[in-house]
Each structure stands twice: as C-alpha cells, then as structure tokens.
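[1] sequence first, predicted coordinates after that:
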Amino acid sequence: MRSPRGAGLLVLVLLAGYAVFYSRAVLHDGGPPAFFVESRPEVAVVLGEGFPAPGLHQFSDGTSLEDVIKLTGLGLAPSLAEDPRIHLPLRPGEFVDILVDESQVVEMKRKWLPALQRMALGIALHPDCMNYDDWQALSGVGPRLAERIEDDRQQNGDFGSLDGLKRVRGIGPRSIEGWRNFF
C-alpha cells in the first residue's frame, strides 16, 4: 500500500509542472508588450585633439557639438558660440578636433573619418561626403575611377545618392550593387 503523503507530493509536483508549462504560453502570445522602451538612434563620432577623453563615442541622435562641449565641462569662446556650425547635430562618422585655451574652446574642426574606418565601424557612407582617397577604399575603384568620380562631382554637382553614381563613366549597376552594403 502506498502512503498518501507520497501521492500528495506527486500531485503537487505535477500541478506545478502543468502551471509552469502552460503559463509560459501567455508570455509568448505575440501580443503587444505591457510597456515600451524608447530606443533613440545613436551617432558614432570620434572626438580628437582637445577633448579630455578622445576616441570613439556614441551620442543620441540630435546631439550637437555644443552639447558635447558642455558635457566636457569646457566653456565656449564668445566668437565660437555665435558660429552656427557649433549648433548643428553631430553626424555618424564625423571626426571633431577642438582647440582649448584657458578652459574655453576657441576653435573647432569638423571633418569625416576616412571611408575605411567608417566601413569598419559599420557607419554608412554617403557619396557626397567622400574624397579621392575614400573612393579607393571601395572594391574596384582605383586612382583613375576615383579621379573621374571627383571630376564628375565638381562639374555636375552632388550625386544625392548611391544611384547617382551611375552617371560616371565606368560605374554600372553591378558596381552599385556591390557597394550598396556600405551606403
């Protein structure tokens, strides 16, 4: 004869297993979550000379250079505070240097990281933000094609998008598709 105590324990374990197994389905029903976490896009920027912590940093989209300088605890020289470029949002792949004099930023330089670095970091390239050396970082682009691309942009204006490069002699649909992952 079996003891009622063992049977009761067995029933309890089976009920607990049943509850765990069937309650998990509620968590995976595909309905909307109980709350939403706002995710703001981030911008990867390299802070260079003059910054207390130089290197690659990520900021929330819409952060301006003025905001970054405030975060460092440095002040802005009056002449620089009136420069409209200081208020522009940082863009992915930007490289920024500042010159500091007596705890105030008196000069700034904003430029693009080289294309190879942007590609390695997964930062999208833009054909209107590339130079002769940047073009040569792409597969199939040598010095002559890079020169034709730069000459075309000087004569005809910005490309606007990757597909705008089709107007350059020597660039066809296959080249564009091969580069699309980087743009």
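    Looks like it came in fine.

[2] using CSV, write down the CA coordinates of stretch 41-59.
    Extracted as CSV, the C-alpha positions of stretch 41-59 are listed here (Å, rounded to 0.1, in the frame of the first residue of the first chain):
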residue,chain,number,x,y,z
PRO,A,41,19.3,56.1,-32.6
GLU,A,42,22.9,56.7,-31.7
VAL,A,43,25.6,58.5,-33.6
ALA,A,44,29.2,57.3,-33.6
VAL,A,45,31.6,60.2,-33.6
VAL,A,46,35.4,60.4,-33.0
LEU,A,47,36.4,63.2,-30.6
GLY,A,48,40.0,64.1,-31.3
GLU,A,49,42.5,66.7,-30.1
GLY,A,50,41.5,69.0,-27.3
PHE,A,51,38.9,66.7,-25.8
PRO,A,52,39.5,65.3,-22.3
ALA,A,53,38.5,61.8,-23.4
PRO,A,54,39.4,61.5,-27.1
GLY,A,55,38.3,58.5,-29.1
LEU,A,56,35.2,56.9,-30.5
HIS,A,57,32.0,57.9,-28.7
GLN,A,58,28.3,57.3,-29.2
PHE,A,59,25.8,60.1,-28.7
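
[3] show me what counts as buried in it.
    Using 16 or more other CB atoms under 10 Å as the test for burial, stretch 41-59 gives 43, 44, 45, 46, 47, 50, 51, 57, 59. All C-beta spots, glycine's among them, are computed from the backbone N, C-alpha and C.

[4] do the same with stretch 97-110
    For stretch 97-110, by 16+ other CB under 10 Å, it's 97, 98, 100, 105, 106, 108, 110.

[5] residue 110 in helix, strand or coil?
    Put simply, residue 110 is strand when judged by DSSP: H, G, I helix; E, B strand; the rest coil.

[6] ok, it - contacts?
    Residues in contact with residue 110 (CB atoms under 8 Å, 6 or more residues apart in numbering) are 65, 85, 94, 95, 96.

[7] which of these sit farthest apart?
    Distance extremes for those: the farthest pair is 85 and 95 at 14.2 Å, using CB to CB.

[8] before we move on, the earlier item: now render the contacts of residue 110 as a markdown table, adding distance to residue 74 and pLDDT.
    What follows is the contacts of residue 110, written out as a markdown table (distance: CB to CB, whole Å; pLDDT from 0 to 100):
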| residue | distance to residue 74 | pLDDT |
| --- | --- | --- |
| 65 | 11 | 94 |
| 85 | 17 | 92 |
| 94 | 18 | 95 |
| 95 | 18 | 96 |
| 96 | 13 | 96 |
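
[9] can you flag the buried ones in the residues you listed?
    Buried, going by 16+ other CB under 10 Å: 65, 94, 95, 96, out of these.

[10] return the subset of those residues lying in strands.
    Using DSSP state E, the members of those that fall within strands are 94, 95, 96.

[11] pick out whichever of those residues sits closest to residue 80.
    Nearest to residue 80 out of these is residue 96 (CB to CB; 12.8 Å).
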